[in-house]
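*Asks:* Attaching a predicted model along with its sequence, questions to come.
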Amino acid sequence: MDRYFDDLTRGFFDDWYWPFSSKRTHPLSLRLMENEPLFRTPLTNITEDESSFNIEAEIPGLQKKDIEITIQEGNLEIKGETKEEKKEEKEGELIRKEFRSSRYYRCFNLPENSDEDRIEANIDKGVLKIRIPKKEIEKREKKEIIIS
């Protein structure tokens, strides 16, 4: 039911997240979503200040080693996976065995003024924080073209 509701409402608030709109995600992320549907989309908070864009993504149960953050063709992709095996034993006899795995994926289109070379990320208590510094965009001078 949750997946159905997510699919139903996906894109409804995209304009609020501009320039991180999912409408402009890279086709790679769409292909990944079609081929591997069993993942969670982390909930995110996106803020902007004078010097940076900031993303906070909720990814409980994952550690630094479980997360991969990449930039490809102007898209910031967050992938994460963890597998955990729990066993309960009573006097050497296996009573119950449970497997738990979590997979996360999210893709953001980076704004033109993002400084991709200085992006920083850290994780604390299940919250991944990504700081994307801004850079100045070169302003082009006005040129007059002479008609011949």
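*Replies:* Cool, got the structure.
*Asks:* can you give me the strands for the chain?
*Replies:* 44-48, 52-58, 67-72, 75-90, 93-109, 120-124, 127-133 (DSSP state E).
*Asks:* Save the ones you listed as CSV, and put in mean neighbour count, distance to Ile146 and mean pLDDT too.
*Replies:* Every C-beta, even on glycine, is put in place using the N, C-alpha and C of the backbone. What follows is the strands of the chain, written out as CSV (neighbours: other Cβ atoms under 10 Å; distance: least, Cβ to Cβ, whole Å; pLDDT from 0 to 100):
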stretch, mean neighbour count, distance to Ile146, mean pLDDT
strand 44-48, 13, 41, 94
strand 52-58, 18, 41, 95
strand 67-72, 13, 41, 93
strand 75-90, 14, 41, 76
strand 93-109, 14, 38, 76
strand 120-124, 12, 48, 95
strand 127-133, 18, 40, 96
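*Asks:* which one of those strands lies closest to Ile145?
*Replies:* Of all the strands of the chain, strand 93-109 sits nearest to Ile145, with 32.7 Å by Cβ to Cβ.
*Asks:* and the strands of the chain as TSV, adding distance to Glu144?
*Replies:* Listed next are those as TSV, based on distance: least, Cβ to Cβ, whole Å:
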stretch	distance to Glu144
strand 44-48	36
strand 52-58	36
strand 67-72	38
strand 75-90	37
strand 93-109	34
strand 120-124	43
strand 127-133	35
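*Asks:* Ser148 is nearest to which of these?
*Replies:* Nearest of those (Cβ to Cβ): strand 93-109, 41.0 Å.
*Asks:* Go through the strands of the chain and name the closest to Ile147.
*Replies:* Judging the strands of the chain by Cβ to Cβ, what sits closest to Ile147 is strand 93-109, at 38.4 Å.
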